[in-house]
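J.: Below are the sequence and a predicted model; questions follow.
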2 protein chains.
Amino acid sequence: MAVDENFLRAWRLILKSPEMYRRGFESGMSLPPLPQLSIFSRVYVLGMGGSGIVGDIVSGLKQRDSKVVVEPVKSMSVPPNVGPNSFVVVVSYSGNTTETNWAYIDAFSRNAFVVGVSSGGRLTESMKMKGLEVVEVSKGLQPRYAVPEMVGVVYGILTPFDGFNPREFLKTIDELEAYAKDFEDMTRNAAVELAEKLVDKPVIIIGPEHLSSVLHRFKCQLNENSKHPAYYAVVPEAFHNELEGWTMIEKFSYVFLRSGYEHPMISEALDWAEEHLRKSHADVFRLFVKSSSRQAELVKLIFFTDVVTVALARAKHVDPFALKTIPQLRPLLRKYLP
Amino acid sequence: MAVDENFLRAWRLILKSPEMYRRGFESGMSLPPLPQLSIFSRVYVLGMGGSGIVGDIVSGLKQRDSKVVVEPVKSMSVPPNVGPNSFVVVVSYSGNTTETNWAYIDAFSRNAFVVGVSSGGRLTESMKMKGLEVVEVSKGLQPRYAVPEMVGVVYGILTPFDGFNPREFLKTIDELEAYAKDFEDMTRNAAVELAEKLVDKPVIIIGPEHLSSVLHRFKCQLNENSKHPAYYAVVPEAFHNELEGWTMIEKFSYVFLRSGYEHPMISEALDWAEEHLRKSHADVFRLFVKSSSRQAELVKLIFFTDVVTVALARAKHVDPFALKTIPQLRPLLRKYLP
């Protein structure tokens, strides 16, 4: 049955994440040396959906004390202050994302330095015609499954900047590879067990701000792979509003993404919030992975939650590859391609 | 009964929004002239919860082509690139918000130019001791009800910057004042009618990115005033993931915030999304207000959704002032005050 086959295919693709990160990283590193690096005050990573999350993840992987700002832009235009001192990475897996193609034109017309990441499409064509560099990624995937490779590419491209350390990145991927081995058995592991408990209710994900890229990725993967409603709340901001809306709690599953790098106040408050929900008989789950660094924690959590979402697809008998609603909308968006 | 009294009090406070904006604006304008305005490359507005939304709203009210970036910071620290060229507005209604007090110390230690907005507390004390300016706002409110005044203050403070036009702002508030008159009858109006339909289900709010501050405000007000679960999705990003998770749709109410300033693609896609949900027998509602400008649309939508949340509190017989969950957590957060 197609659903089962696609489940296997999706699972195997996720297991390949470590080599995808590495392959992408090599391609990104192979870009010709950047011109006058010091002029760039800010890095913008353009993209939508699966391609858009790349900017969030790369921003999360950056060393914490780096003064380089990596700003994801998920829009049809770039912020008004983008100009000749801006370094812009345009990510569109298909090369045919309407919003990203417009944002690229906007950045180009403001004389920003622009590099592309794509598997082809109109973006690649237009950029090559203008003599701009495009790092090409493996073809034939759905954008969300190509995320590890695209993250590797962008991290590789940004290694000349302060806060992007090639050795640290490769060490992180080694750590992920060792971790991934625990998931070769698709029948029983922590991710499958969690997935089976999430079947019936919309999921609310809660976690600290330094994991916000994981929260967003998990939400999107639940939507697209598992056809599941999911929302997230970022702490500490959520302590000031979200909590007060925790009524009708029997309707939701609450998944806490915890980190080994939480501020003590955040830890204490998250513990309190979990306990508060448990005492109110809510379905509460906690995700935590042991890691040697923030960077390793982030990629391991993305891996783990990716697995959860395909396992949930299997448990719900839905196809983790096939999309149903988005493709109906797509022709409408493509009509507006530049 | 306290709930009914508090409903009346909350409603009347919201009706007073126009004068609160104006009063705040005057206080903000009364700040001594800023030193060497041109050195500031970026404006950061610090704050959490009701005080934190001020940065989002002011960023939304800024003229669209202004090159001044207004970046809300909802965190215990400021971004690593904050320095002597950064203009930082610290907003804490109580003056005792732990995260904001830490972020203020962080900004100060990086030699940023710092101005405060507060009704008192530790923040005011510390800033005055250092000879820094604090614009004081009316005491005795809950932060979320003081938002119009705080927005007025910050807009007033920023008028020397490109993209903040005093005359336009006052015109906007005049337009809001005329609009607000439609809501003096608390028994029957469009906001009350909508609220009564939202009682039973968690709310998903959907809208275009230029209204993201309204989406966030509406979510928070549903949480705090109505004790209601609410989440939001920003378009066009949501077209690439959120949609696919629209299953179990009978469990939710979907509220679309529409704008008279949508890109044609966004309009068409939002129309499609509304229709898609309607055909699937979802509870779908559309909010739209006629306005003479983007700025006026934004404050009118905030006003309207504020009214919806207190009307929903009445319909659910909950107190729009009293908080239940957040105050349990507050001592834990305050323990970490600097």
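T.: Happy to help now that I have it. Numbers count the residues shown, from 1 in each chain, chains lettered A, B, ... in the order given.

J.: any idea how far the most far-flung residue of chain A relative to its centre is from A:Ala233?
T.: What lies farthest from the middle of chain A is A:Lys279; by C-alpha atoms, centre = their mean that is 32.5 Å. According to C-beta to C-beta, to the nearest Å, A:Lys279 and A:Ala233 sit 19 Å apart. Heads up, the C-betas are built off the backbone N, CA and C, glycines and all.

J.: and what of A:Gln221?
T.: From A:Gln221 to A:Ala233 the distance is 17 Å (C-beta to C-beta).

J.: Ok, A:Gly60 next?
T.: Using C-beta to C-beta, A:Gly60 is found at 17 Å from A:Ala233.

J.: repeat for A:Ala322
T.: Taking C-beta to C-beta, one finds A:Ala322 at 29 Å from A:Ala233.

J.: What is the longest helix along chain A packed up against?
T.: The single longest helix within chain A, with elements called by DSSP state H, is helix A:294-316. Under the contact criterion of 3 or more C-beta pairs under 8 Å, 6 or more residues apart in numbering or on different chains; DSSP states H and E, helix A:294-316 touches helix A:2-15, helix A:17-29, helix A:49-61, helix A:166-180, helix A:190-197, helix A:212-224, strand A:283-287.

J.: Alpha carbons of it, as PDB, please.
T.: Backbone C-alpha positions of helix A:294-316 (Å, rounded to 0.1, in the frame of the first residue of the first chain) are rendered in PDB as follows:
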ATOM      1  CA  ARG A 294      23.400  23.600  22.100                       C
ATOM      2  CA  GLN A 295      24.000  23.100  18.400                       C
ATOM      3  CA  ALA A 296      23.900  19.300  18.700                       C
ATOM      4  CA  GLU A 297      20.800  19.500  20.900                       C
ATOM      5  CA  LEU A 298      19.000  21.500  18.200                       C
ATOM      6  CA  VAL A 299      19.700  19.100  15.300                       C
ATOM      7  CA  LYS A 300      18.900  16.100  17.500                       C
ATOM      8  CA  LEU A 301      15.600  17.600  18.500                       C
ATOM      9  CA  ILE A 302      14.800  18.300  14.800                       C
ATOM     10  CA  PHE A 303      15.600  14.700  13.900                       C
ATOM     11  CA  PHE A 304      13.600  13.300  16.800                       C
ATOM     12  CA  THR A 305      10.500  15.500  16.100                       C
ATOM     13  CA  ASP A 306      10.800  14.700  12.300                       C
ATOM     14  CA  VAL A 307      10.600  11.000  13.200                       C
ATOM     15  CA  VAL A 308       7.600  11.700  15.500                       C
ATOM     16  CA  THR A 309       5.700  13.300  12.600                       C
ATOM     17  CA  VAL A 310       6.200  10.400  10.200                       C
ATOM     18  CA  ALA A 311       5.400   7.900  12.900                       C
ATOM     19  CA  LEU A 312       2.200   9.900  13.600                       C
ATOM     20  CA  ALA A 313       1.400   9.700   9.900                       C
ATOM     21  CA  ARG A 314       1.700   5.900  10.100                       C
ATOM     22  CA  ALA A 315      -0.400   5.700  13.200                       C
ATOM     23  CA  LYS A 316      -3.100   7.800  11.500                       C
END
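
J.: Using CSV, write out every CA atom in the helix or strand just after that helix.
T.: Counting by DSSP states H and E, the next helix or strand C-terminal to helix A:294-316 is helix A:326-334. Only the C-alpha atoms of helix A:326-334 are listed here, as CSV (Å, rounded to 0.1, in the frame of the first residue of the first chain):
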residue,chain,number,x,y,z
ILE,A,326,-1.6,23.0,-0.2
PRO,A,327,-1.5,21.7,-3.8
GLN,A,328,-5.0,23.0,-4.4
LEU,A,329,-3.8,26.5,-3.5
ARG,A,330,-0.5,26.2,-5.4
PRO,A,331,-1.7,27.1,-8.9
LEU,A,332,-3.2,30.3,-7.5
LEU,A,333,0.1,31.3,-5.9
ARG,A,334,2.2,30.3,-9.0
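
J.: can helix A:326-334 be found next to chain B?
T.: Yes. Using C-beta under 8 Å from any C-beta of the partner chain, helix A:326-334 comes into contact with chain B via A:326, A:328-329, A:332-333.

J.: Could you dump these into JSON lines with distance to B:Gly156 added?
T.: Shown next, in JSON lines, are the residues of helix A:326-334 next to chain B (distance: C-beta to C-beta, whole Å):
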{"residue": "A:Ile326", "distance to B:Gly156": "44"}
{"residue": "A:Gln328", "distance to B:Gly156": "47"}
{"residue": "A:Leu329", "distance to B:Gly156": "42"}
{"residue": "A:Leu332", "distance to B:Gly156": "42"}
{"residue": "A:Leu333", "distance to B:Gly156": "40"}
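
J.: Give me the buried subset of those residues.
T.: A:326, A:329, A:333 (16 or more other C-beta atoms under 10 Å in any protein chain shown).

J.: so the first one touches B:Glu242, yeah?
T.: No. Judged on C-beta atoms under 8 Å, A:Ile326 makes no contact with B:Glu242 at a distance of 9.4 Å.

J.: Near A:Thr305, how many other residues are there?
T.: 22 (other C-beta atoms under 10 Å in any protein chain shown).

J.: For the closest residue to it other than its chain neighbours, give me its contacts.
T.: Using C-beta to C-beta, 6 or more residues apart in numbering or on different chains and skipping residues adjacent in sequence, the residue nearest A:Thr305 is A:Phe218, 4.1 Å away. Taking C-beta atoms under 8 Å, 6 or more residues apart in numbering or on different chains, we find A:Phe218 in contact with A:205, A:230, A:232, A:255, A:257, A:305, A:308-309.

J.: May I ask which of the residues you listed has the most neighbours?
T.: Result: A:Thr309 is most packed of the contacts of A:Phe218 (other C-beta under 10 Å), 29 neighbours.

J.: which residues of the stretch 1-150 of chain A score low on pLDDT?
T.: A:1 (pLDDT under 70).

J.: residue boundaries of the helices in it?
T.: For the stretch 1-150 of chain A, the helices defined by DSSP state H, counting those that start in this stretch cover A:2-15, A:17-29, A:49-61, A:98-109, A:121-129, A:147-158.

J.: Of all the ones you listed, which one is nearest B:Val3?
T.: helix A:49-61 (41.6 Å; C-beta to C-beta).

J.: Just want the angle from the closest one to helix A:147-158.
T.: Put simply, helix A:49-61 runs at 50 degrees to helix A:147-158, going by axes from the mean of the first three to the mean of the last three C-alpha atoms, to 10 degrees.

J.: Who are the packing partners of helix A:49-61?
T.: strand A:42-46, strand A:70-73, strand A:86-92, helix A:147-158, helix A:212-224, helix A:294-316.

J.: Could you tell me how far that helix lies from the centre of the chain?
T.: 5 Å (C-alpha atoms, centre = their mean, to the nearest Å).

J.: and what of stretch A:123-143?
T.: How far stretch A:123-143 lies from its chain's middle: 20 Å, per C-alpha atoms, centre = their mean.
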